[in-house]
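Novice: After the sequence you'll find the predicted model.
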Amino acid sequence: MENFVIYNPVKLHFGQGVVSKLGDVATNFGKKALIVMGRGSARSNGSFDQSYASLKAAGIEVVIYEGIRSNPIIEDVDQAAEMGRKEKADMVIAIGGGSVVDSAKIIAISIPAEHSGWDFVDGSKKPSKALPLISVLTLAATGSEMNAYAVVQHNKLKKKIGYGHQLLYPRHSFLDPEFTLGVPPDYTAYGIADLVAHSLEAWFGEGESSLTDRFIISIIQEAMDYGPDLLKNPNNYQLRAKIMYAATMALNGLTVHGKKSQDWGVHSIGHCLSVLWDIPHGASLTIAYPAWLELQKSRIPQRISELGKCIFQVSEPDKVIEMFSTFFSQMNCPVTLSQAGIKADDGAIGELLEVMRINKVGGIFHTLSDEDHRQLARSMR
């Protein structure tokens, strides 16, 4: 087992009605908040109205940046940061899913810096301070509400990059499963796929930590036990709560203690699919994971076999891959590009290979060669 340090400074408020305390919490950080939101769901699911009411009751002035996309782009981040500077915001409040929280993280470090957030993302500059960040989550998926990582894309450069820094931790995160009741079936399924993918990438990280492996398996089992039921009963609060809790635990550090790291290779592939064809993040992962497992089955058969025995009670790598593909399909997630509506002809595959090259697609431990890229692209058709 590897040496490790546990540190997670996020105060998580979970359950029905918790956002009523948002205003009281916000008074600890100032008097004016920049609210960052997506393209409408926060207004329809009640999260904005309840958050605004709590902030207003506490005397917090707000300005709003609305329009973050499901695959967040740097232009929105920079525009929101400029608004925050102009309005002299004391804090940033993200109301939305992972794309909104990720964007708000980069916004929070960009407002004091007065330059493009991409300079942080690409590593050319390092942040020295950040505005306090509070998140109000409306989608169970990325786990961004309880970690120090964000992903944003630069369409002109055809890059989508993950970035991590301790300044990106939210100070507080409010998780009310009621706000996810209106999430449509496709994005509910994509969120479940995302939390499974986070868990799998932890499983295929490097290092032996048996208790951590048990955490990983339990999170995947929560998704597989309750995800299909949730799609059949989308208004069931208890099912929404189970999935929301599992998504947070899948990427808050719990699944890597005693290991060197997660691998992140599949996320790297999925980011390329999103950059090229704006495929929703979770859907990009269900396309990429079967192809990645197929590539790795002769390289790490024992690890795939151990996973299969824990989840499906089967050990043959081919069968394990088939059963994961079947699960994703049962959740109505695409497992090929064609199922996502992409005509993956030779021209499209060539473009994909170029974007994979630009983004230096590969895992932390399971590295990928140019020939691996070609095999992955063929498998994803």
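Specialist: That came through, no problem. Numbers count the residues shown, from 1 in each chain.
Novice: for the residue nearest the centre of the chain, helix, strand, or coil?
Specialist: Taking C-alpha atoms, centre = their mean as the criterion, Thr142 is the residue nearest the geometric centre of the chain, at 2.6 Å. Under DSSP: H, G, I helix; E, B strand; the rest coil, the three-state class of Thr142 is coil.
Novice: Which residues lie in contact with the closest residue to it other than its chain neighbours in this structure?
Specialist: Closest residue in space to Thr142, ignoring its immediate chain neighbours: Gly98 at 2.9 Å, by C-beta to C-beta, 6 or more residues apart in numbering. Quick note: C-beta positions are derived from backbone N, CA and C, even for glycine. The contact partners of Gly98, by C-beta atoms under 8 Å, 6 or more residues apart in numbering, come to Leu139, Ala141, Thr142, Gly143, Ser144, Glu145, Asp194, His281.
Novice: Can you pick out the most distant pair from those residues?
Specialist: Greatest spatial distance among the contacts of Gly98 (C-beta to C-beta): Glu145 and His281, at 15.3 Å.
Novice: element containing the nearest residue to Trp203 once chain neighbours are set aside, please.
Specialist: In this structure, Trp203 finds its nearest non-sequential neighbour in Ile216, 5.1 Å apart by C-beta to C-beta, 6+ apart. For Ile216, the element it lies in under DSSP states H and E is helix 210-232.
Novice: Which SSE is immediately downstream of that helix?
Specialist: Counting by DSSP H and E, the next helix or strand C-terminal to helix 210-232 is helix 237-249.
Novice: helices or strands next to the helix holding Ile216 in the packing?
Specialist: Contact here means 3 or more C-beta pairs under 8 Å, 6 or more residues apart in numbering; DSSP states H and E; on that basis helix 210-232 packs against helix 185-203, helix 237-249, helix 301-311.
Novice: And those helices: which comes nearest Ala108?
Specialist: Nearest to Ala108 among the helices and strands packed on helix 210-232 is helix 237-249 (19.5 Å), distances taken as C-beta to C-beta.
Novice: helix or strand right after the closest one?
Specialist: helix 265-277.
Novice: so Glu354 sits in a helix?
Specialist: Yes. Glu354: assigned to a helix according to three-state DSSP.
Novice: give me every residue that touches it.
Specialist: Neighbour list for Glu354: empty [criterion: C-beta under 8 Å, 6+ apart].
Novice: Please report how far it lies from Asp78.
Specialist: Counting by C-beta to C-beta, to the nearest Å, the gap from Glu354 to Asp78 is 26 Å.
Novice: List the contacts of Arg39.
Specialist: Neighbouring residues of Arg39 by C-beta under 8 Å, 6+ apart: Glu66, Gly67, Ile68, Arg69.
Novice: Narrow those residues to those in strands?
Specialist: Among the contacts of Arg39, the members falling in strands (DSSP state E) are Glu66.
Novice: Which one (most neighbours) among the contacts of Arg39?
Specialist: Highest neighbour count within the contacts of Arg39, by other C-beta atoms under 10 Å: Ile68, with 27 neighbours.
Novice: Hmm, that residue is touching Gly38, no?
Specialist: Yes. The criterion here is C-beta atoms under 8 Å, and Ile68 meets it with Gly38 at 4.9 Å.
Novice: list residues touching both of those two?
Specialist: Gly96, Ser99, Val100.
Novice: so which strand or helix has the last one?
Specialist: So the one you mean is Val100. Going by DSSP H and E, Val100 is in helix 98-110.
Novice: What mean pLDDT does the helix or strand just after that helix get?
Specialist: As assigned by DSSP H and E, the chain's next helix or strand after helix 98-110 is helix 118-121. Mean pLDDT, helix 118-121: 98.
Novice: my read is Leu34 is in a helix, agree?
Specialist: No. Using three-state DSSP, the secondary structure at Leu34 is strand, not a helix.
Novice: hmm, back to that, and the gap between the residue nearest to the centre of the chain and Ile134?
Specialist: Where Ile134 is concerned, Thr142 sits at a distance of 17 Å (C-beta to C-beta).
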